[in-house]
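J.: fold the following for me, if possible:
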Amino acid sequence: MKARKINNLTVEEYIQQEIESSCKYEYHDGKIYALAGGTLNHGLICGNIFGELRSRLKENDSKCLPLNTDIKLHIQKTNSYVYPDTMVICGDIKMATEEPNSVTNPVLIIEVLSKSTAEYDRGDKFHLYRQIPSFKEYVIIDQKRYIVDVHYKPENSDLWKITRFEGIDKTVFFQSIDISIPMKDLYYRTNIDFPE
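T.: Residues are numbered from 1 along each chain as shown. A predicted model of the protein is given here:
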């Protein structure tokens, strides 16, 4: 993720920049960062996870709703706006005051790793997400291997439990929404090359 040479933008200026450029940017307390396009595998996995979540939540008549990568997330504590690959909100959708097209209360956030953002997704971005009071579960999906890491924070605990699901025969369990999705459905129609 590369920073533009524009600093100290207000939220209003940031929103206007997105409208005028038709590009997505992350905003971090005055600085904006352009988001690069993704690979075919990245796009397929994002579509698969959103579709599977939507279908299963609808079948269960759940009050939870998945949101795709077009929806912006506002993290009030750090004055940040980001675009997770997928989010799930349970109950009413809460929107940011300054930018009503962004949400503030996801329970579950999912990121599909890419070469340029893997370190950020596992480190600083996870730290940002942990500033959200409603946030309970963080899922990181590898786009080159059948590996999914699930970070879950149990009720009344500050400690995050990490579970790794590895292999096409596994089924990933999302504790925060009580849903399981087979790995083969998450990686449907993707091209995964295993290292020698």
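
J.: which strands and helices sit next to the helix or strand containing Tyr81?
T.: Here Tyr81, judged by DSSP states H and E, is contained in strand 80-82. Strand 80-82 sits against strand 25-28, strand 72-75, helix 124-129, with contacts defined as 3 or more Cβ pairs under 8 Å, 6 or more residues apart in numbering; DSSP states H and E. Quick note: C-beta positions are derived from backbone N, CA and C, even for glycine.

J.: mean pLDDT added to the ones you listed, as TSV?
T.: What follows is the helices and strands packed on strand 80-82, written out as TSV (pLDDT from 0 to 100):
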stretch	mean pLDDT
strand 25-28	94
strand 72-75	98
helix 124-129	94
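
J.: tabulate the ones you listed (a markdown table), appending distance to Ile110.
T.: Shown next, in a markdown table, are the helices and strands packed on strand 80-82 (distance: least, Cβ to Cβ, whole Å):
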| stretch | distance to Ile110 |
| --- | --- |
| strand 25-28 | 17 |
| strand 72-75 | 12 |
| helix 124-129 | 11 |
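
J.: so for Lys153, which of the ones you listed sits nearest?
T.: Checking these against Lys153 by Cβ to Cβ gives helix 124-129 as the closest, at 10.7 Å.

J.: next secondary structure after the closest one?
T.: strand 137-141.

J.: show me what that next one is packed against.
T.: Against strand 137-141 (3+ Cβ pairs under 8 Å, 6+ apart) you get strand 108-112, strand 147-152, strand 171-174.

J.: circling back to that earlier point, CSV please, covering the helices and strands packed on strand 80-82 and showing mean neighbour count.
T.: As requested, these are arranged in CSV below (neighbours: other Cβ atoms under 10 Å):
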stretch, mean neighbour count
strand 25-28, 22
strand 72-75, 23
helix 124-129, 17
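
J.: of those, which is nearest Asp178?
T.: Across the helices and strands packed on strand 80-82, Asp178 has its closest neighbour in helix 124-129 (20.5 Å, Cβ to Cβ).

J.: how about the closest one as CSV, C-alpha atoms only?
T.: What follows is helix 124-129 as a C-alpha-only set of coordinates in CSV (Å, rounded to 0.1, in the frame of the first residue of the first chain):
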residue,chain,number,x,y,z
ASP,A,124,-1.1,-3.0,11.8
LYS,A,125,-4.5,-3.6,10.3
PHE,A,126,-5.4,-6.2,12.9
HIS,A,127,-4.4,-3.7,15.5
LEU,A,128,-6.7,-1.1,14.0
TYR,A,129,-9.6,-3.5,13.9
